[in-house]
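Chemist: When you get a sec, could you give me coordinates for this:
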Amino acid sequence: MTAGDQGPDPSGGTDPDRTQQGELVRRMQLIAVPQGLDLGEVRAVNSSYDDVEVGSARGPILVSRRADGMFHVQFQRHRTFSLSGGWTNDLVAVVEAAAFWRQGCGLRELHERFPFMSWSELAQAFEDGNPVPTKWGQLLSSEWHLGDRPFLQAAHDHPQLRLYYPDISHGSLMLSRKPFDTDAGLVKVMPLSGDAYRVTMIPNTFRQEVPSLSEALEVAAACFRASD
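Modeler: Reported below is the predicted structural model:
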């Protein structure tokens, strides 16, 4: 056995977290089957925050049970972004909501039938098929990004760059051809010391440093044109 490996529990005990997750899977299936609800694959997950994952064509449905008996539900589009989420103490409602989502319901329909499930303006924009303007609007109006606003405004004013999905992290602007998919093309504009900027593109290895923001934005636009 190599360093870091763990042998069998000499006591023959079972991991209590895995037992709880398996029990939750069983309970959800027992609710779904008699009602004819299609949950597809339901499995326990190895996570500090979530217990169960239900498969969905629109992304995983994550369910966790807290010590106080409440259930937390997330309908994810990506591991960093949930389309809808909520808390309830009613596991039957959790199962019914998951099945309803798997059938293809919209966010408004979901909330109307299951009021504990909330959603955001950006989630609705994703469902409507045009999240880019909404995301730009959120970043430009955010007090959290107040210090980045001139940088963001300059990028948004560029007629080509405003067409891409923006995000900002640690002062760097990321522009994506397709949200949450770096393989589709992502350009990063990073402020350096003084007035300089570095522009990089993923998935290729392009990297260039320029002395001004205006030049950085033109290089960013050229990156997208070159990969069209």
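Chemist: is it true that Cys105 lies in a strand?
Modeler: No: counting by DSSP: H, G, I helix; E, B strand; the rest coil, Cys105 is not found in a strand; it is coil.
Chemist: And the pLDDT for it?
Modeler: As predicted, Cys105 sits at a pLDDT of 97.
Chemist: Tell me how far it lies from Arg113.
Modeler: Per C-beta to C-beta, to the nearest Å, Cys105 is found 8 Å from Arg113. For every residue, glycine as well, the C-beta is placed using N, CA and C.
Chemist: Compare these two (neighbour count), which wins?
Modeler: Remark: of Cys105 and Arg113, Cys105 carries more neighbours, 16 against 13, as counted by other C-beta atoms under 10 Å.
Chemist: Backbone dihedrals for that one, please?
Modeler: The phi/psi pair for Cys105 (degrees, to the nearest 10) reads phi -60, psi 160.
Chemist: Could you pull up the residues touching it?
Modeler: Cys105 makes contact with Arg113 under the criterion C-beta atoms under 8 Å, 6 or more residues apart in numbering.
Chemist: Try it again at 7 Å.
Modeler: Not one residue lies near Cys105 by C-beta atoms under 7 Å, 6 or more residues apart in numbering.
Chemist: Report the central residue of the protein.
Modeler: Phe81 (2.0 Å; C-alpha atoms, centre = their mean).
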